[in-house]
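A.B. asks: Below: sequence and its predicted model.
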Amino acid sequence: MDRFFHSVTLDKDLCVGCTNCIKRCPTQAIRVRGGKAQIISERCIDCGECVRVCPHHAKKARHDSLDMLENYEYNIALPAPTLYGQFNRLDDIDFVLNGLKALGFDDIFEVSRAAEIVSDATRQLLADGKLKMPVISSACPAVVRLIRVRFPDLCDHVLPLASPMEVAAGLAREAAIKKTGLSSDKIGIFFISPCAAKVTDVRVPIGIEKSNVDGVLSISDIYPRLVGYMNKLEQVEPIANTGIIGVGWSSIGGEAAGLLNENHLAADGIGNVIKVLEELEDEKLQELDFIELNACAGGCVGGIFTAENGYVARARIQRLRKYLPVSCNRLEDAGGLNRLQWTRPLEFAPVMTLADKVEDAMRLMGKIDEIAEGLPKLDCGSCGAPTCRALAEDIVWGVARDTDCIFLMRRQIQDIANQLSQLEGSVTSEHAAEPHLPK
């Protein structure tokens, strides 16, 4: 397994080096060199922001294919609650779940069921008073990875519980083994995701040793085929076992609302998330109990793997909630709190540090400060780095030159032109001053 596996990839044939992506990356993981974007693997958190803003579709997010179902004897779909918001006038989740069975899955386990279990577990942990406050949700893998690389002091604030996807996968696998008698390796668990970061989270999980999910399918990829099977359903089997709290996790504020506690904050969009984390780092939000953060605007409904506009999907989810009970699942359904807790603590990933030794880091910092002082401080991105300071860092690392800055280059060219002009004037004056001898 690759240490820095990423779902977000770059198609260099489509990239024109426009620099749109470098300005929006929250970890400064992108540079433009030689007219093409480059992704710094160890810094990328797979938030998908570059995929959204690339006008040439050069940034893409990979996911698994339905063909993977052929690798297993028994396949289980884990639909994210976001999936329900893709369908117009949906008033019964069972239509979607039965459509998934018609599509080729042997069984369904709703991720919204697991979300209700995680909500119950979080309520109990908050009531016990043993967590460092305020508690930050661990549901969005892009946010958790952002904290690891940019906000190390906040690592111990992150809720040490498995995501609803992982809880659902574990429960679904256990139930399938009991039901079928098959060994675990013959059972395929597939998460139907709105989010590219979940692909990475399955390959390189945080907080646990190994993911129970075998593949991550894109909502936008299976949506057209799923609609076709739903339209052909002749009867609908009652499968759904979820409520308002679980389905609410699809939109920003849904997880926090499920805590039944008003002392919380919910923020969406990577820029707003960073602002909240900066304030939390400065100890300005100590009065809160819980902070829900989602890298995508609107929450998971705004993920890059969705088929529908996030705001439209959110409105449909709100309408669907009218037909649901409050909640159908409790922590006891998962066998207790120990089944949900992380087995590994969240640790700082020093991918943005200058050096291991303090004295070396201080020396490099001094060089960067000196170079940055000579740059125009416009942060225009024309050099291929997101900011002038980022260019200064690249120069220190030897991967860029000061002449990559077009303003410095123009200044140097102007200085050379002035020197040539002065030299030409001097030569002309000397020539004019020479005596003209008679022939």
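C.D. replies: Great, that's in hand.

A.B. asks: Which parts of the chain belong to which domain?
C.D. replies: 8-61, 66-339, 358-406 (automatic domain parsing).

A.B. asks: Now the terminal residues of the first one, how far apart.
C.D. replies: By that I understand domain 8-61. When the termini of domain 8-61 are compared using C-alpha to C-alpha, to the nearest Å, they are 4 Å apart.

A.B. asks: quick one, what contacts residue 205?
C.D. replies: 166, 211 (C-beta atoms under 8 Å, 6 or more residues apart in numbering). Glycine gets a C-beta too; all of them are placed from N, C-alpha and C.

A.B. asks: what's the answer for residue 293, then?
C.D. replies: Residues near residue 293 by C-beta under 8 Å, 6+ apart: 136-137, 140, 143, 266-268, 273, 276-277.

A.B. asks: Model confidence for it, exactly?
C.D. replies: Note on residue 293: pLDDT of 97.

A.B. asks: Same question for the one 4 residues further on.
C.D. replies: Turning to residue 297, the model gives it a pLDDT of 94.

A.B. asks: which residue sits closest to residue 319 in space, ignoring its chain neighbours?
C.D. replies: With C-beta to C-beta, 6 or more residues apart in numbering as the criterion, residue 319 has its nearest non-adjacent residue at 7.8 Å, and that residue is residue 91.

A.B. asks: Give me the distance between the one you found and residue 149.
C.D. replies: From residue 91 across to residue 149, the span is 43 Å (C-beta to C-beta, to the nearest Å).

A.B. asks: These two: which is more packed in?
C.D. replies: Comparing residue 91 with residue 149 by other C-beta atoms under 10 Å, the one with more neighbours is residue 149, at 20 against 10.

A.B. asks: residues touching the more buried one, list them.
C.D. replies: Neighbours of residue 149 in contact, by C-beta under 8 Å, 6+ apart: 27, 43, 45, 349, 351-352.

A.B. asks: Nearest to residue 131 among these?
C.D. replies: residue 349 (21.8 Å; C-beta to C-beta).

A.B. asks: What are the phi and psi values at that closest one?
C.D. replies: For residue 349, the backbone dihedrals are phi -110, psi 100 (criterion: degrees, to the nearest 10).

A.B. asks: where does it land on pLDDT?
C.D. replies: Per-residue confidence (pLDDT) for residue 349: 84.

A.B. asks: Quick check: closest non-adjacent residue to it.
C.D. replies: Leaving aside its sequence neighbours, residue 349 sits nearest to residue 148 (C-beta to C-beta, 6+ apart; 4.4 Å).

A.B. asks: Likewise for residue 168?
C.D. replies: residue 114 (3.7 Å).

A.B. asks: Would you indicate which residues of the helix or strand hosting the one you found are buried?
C.D. replies: Using DSSP states H and E, residue 114 sits in helix 111-128. By neighbour count on 16 or more other C-beta atoms under 10 Å, the buried set for helix 111-128 is 111-123, 125-126.

A.B. asks: after the helix or strand hosting residue 265, next one along is what?
C.D. replies: Here residue 265 sits within strand 264-268, counting by DSSP H and E. Using DSSP H and E, the helix or strand that follows strand 264-268 in sequence is helix 270-281.

A.B. asks: Now do that following helix: which elements does it pack against?
C.D. replies: Applying 3 or more C-beta pairs under 8 Å, 6 or more residues apart in numbering; DSSP states H and E, one finds that helix 270-281 makes contact with helix 141-150, strand 264-268, strand 290-294.

A.B. asks: Could you point out which residue ranges in the stretch 51-200 of the chain have low pLDDT?
C.D. replies: The stretch 51-200 of the chain contains no residues with pLDDT under 70.

A.B. asks: May I ask which of the contacts of residue 293 has the most neighbours?
C.D. replies: Among the contacts of residue 293, residue 143 has the most neighbours (other C-beta under 10 Å), with 30 neighbours.

A.B. asks: thinking residue 250 is in contact with residue 81, fair?
C.D. replies: Yes - between residue 250 and residue 81 a contact is recorded at 4.0 Å, counting by C-beta atoms under 8 Å.

A.B. asks: With neighbour numbers in mind, choose between these two.
C.D. replies: residue 250 (30 against 26).

A.B. asks: What separation do you get for the more buried one and residue 303?
C.D. replies: 10 Å.

A.B. asks: Count the neighbours of residue 425 for me.
C.D. replies: Neighbour count of residue 425, defined by other C-beta under 10 Å: 10.

A.B. asks: Secondary structure element holding it?
C.D. replies: Residue 425 is part of helix 406-433, with elements assigned from DSSP H and E.

A.B. asks: intersection of neighbour lists for residue 250 and residue 81?
C.D. replies: Taking C-beta under 8 Å, 6+ apart as the contact rule, residue 250 and residue 81 both touch 112, 300, 317.
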